[in-house]
Structure formats: structure tokens, C-alpha cells
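In: Provide a 3D model corresponding to the input given below.
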Amino acid sequence: MLIGVAGGATLVDRAAAGYTADWMRYMTTASLINRALVKFEFDWNELEWISALSARILERPDNARAENRRKPSAGTEPLTSPSSENPGQ
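Out: Below is the predicted model of the structure:
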């Protein structure tokens, strides 16, 4: 009996309305759109990250390397030769 009811429902669906095929087409399209949206969001985030990184690099001053060099600690002075301290002697 249940097989007959299922067969009748399938026959009505295919002959009259086609709801099942339309629903499957709708779900397939929704899935493809969602997949494209997720890919777009990941690509967008990656491009924003690259853009921010490159802008940061371009905004650095030319002497950024000199500023980032290790500075001597407090209380230490650079070594100088004796002749440079007293040039007149």
C-alpha cells in the first residue's frame, strides 16, 4: 500500500507540477551561489591582507633599517681610537 501511495505521489509530481525537479534545481543553484560567495570572501580577505601589507611596506621611511638597528645600551659608549679624541696631540 505504501509503495502505491509513493508511486502515485511520484506520478502526480512528474505529470502535473514538477516540484521535485524544481526543488533540486533550486538547491543546486543555491549551493553553487553559496560556494562562489565563500570563495569570493576568501579571495577578498587575501587581497585586503596583501594590500595592507604592501601599503605598510611602502609607507616605511627610507631610514627604517637604520632606526631598527640595535642601539647601544645605556651607559655604554662606542669605542673610539685615542687619536680621534685628541687630534692636536
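In: Let me know the average pLDDT across the strand or helix carrying Ser51.
Out: When elements are assigned from DSSP states H and E, Ser51 belongs to helix 19-59. Averaged across helix 19-59, the pLDDT comes to 92.
In: Going forward, the N-terminal residue is numbered 41.
Out: Sure, I'll start numbering at 41, so the last one becomes helix 59-99.
In: That helix packs against which elements?
Out: Applying 3 or more CB pairs under 8 Å, 6 or more residues apart in numbering; DSSP states H and E, we find helix 59-99 packed against no helix or strand. Where you see a C-beta, it was placed from the backbone N, CA and C, and this is true even at glycine.
In: again, 10 Å this time
Out: Packing partners of helix 59-99 (3 or more CB pairs under 10 Å, 6 or more residues apart in numbering; DSSP states H and E): helix 42-52.
In: what does the helix it packs on rub up against?
Out: Applying CB atoms under 10 Å, 6 or more residues apart in numbering, the contact partners of helix 42-52 are Tyr59, Thr60.
In: Would you mind writing the CA trace of stretch 56-72 as PDB?
Out: C-alpha atoms of stretch 56-72 as PDB (Å, rounded to 0.1, in the frame of the first residue of the first chain):
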ATOM      1  CA  ALA A  56       1.400  17.900 -13.100                       C
ATOM      2  CA  ALA A  57       3.700  20.100 -11.100                       C
ATOM      3  CA  GLY A  58       7.400  19.000 -11.200                       C
ATOM      4  CA  TYR A  59       8.000  20.300  -7.700                       C
ATOM      5  CA  THR A  60      10.800  17.800  -7.000                       C
ATOM      6  CA  ALA A  61      12.800  18.700 -10.100                       C
ATOM      7  CA  ASP A  62      12.300  22.400  -9.400                       C
ATOM      8  CA  TRP A  63      13.400  22.000  -5.800                       C
ATOM      9  CA  MET A  64      16.500  20.100  -6.800                       C
ATOM     10  CA  ARG A  65      17.400  22.800  -9.400                       C
ATOM     11  CA  TYR A  66      16.800  25.400  -6.800                       C
ATOM     12  CA  MET A  67      19.000  23.700  -4.200                       C
ATOM     13  CA  THR A  68      21.800  23.000  -6.700                       C
ATOM     14  CA  THR A  69      21.800  26.700  -7.700                       C
ATOM     15  CA  ALA A  70      21.800  27.800  -4.100                       C
ATOM     16  CA  SER A  71      24.700  25.600  -3.400                       C
ATOM     17  CA  LEU A  72      26.700  26.900  -6.300                       C
END
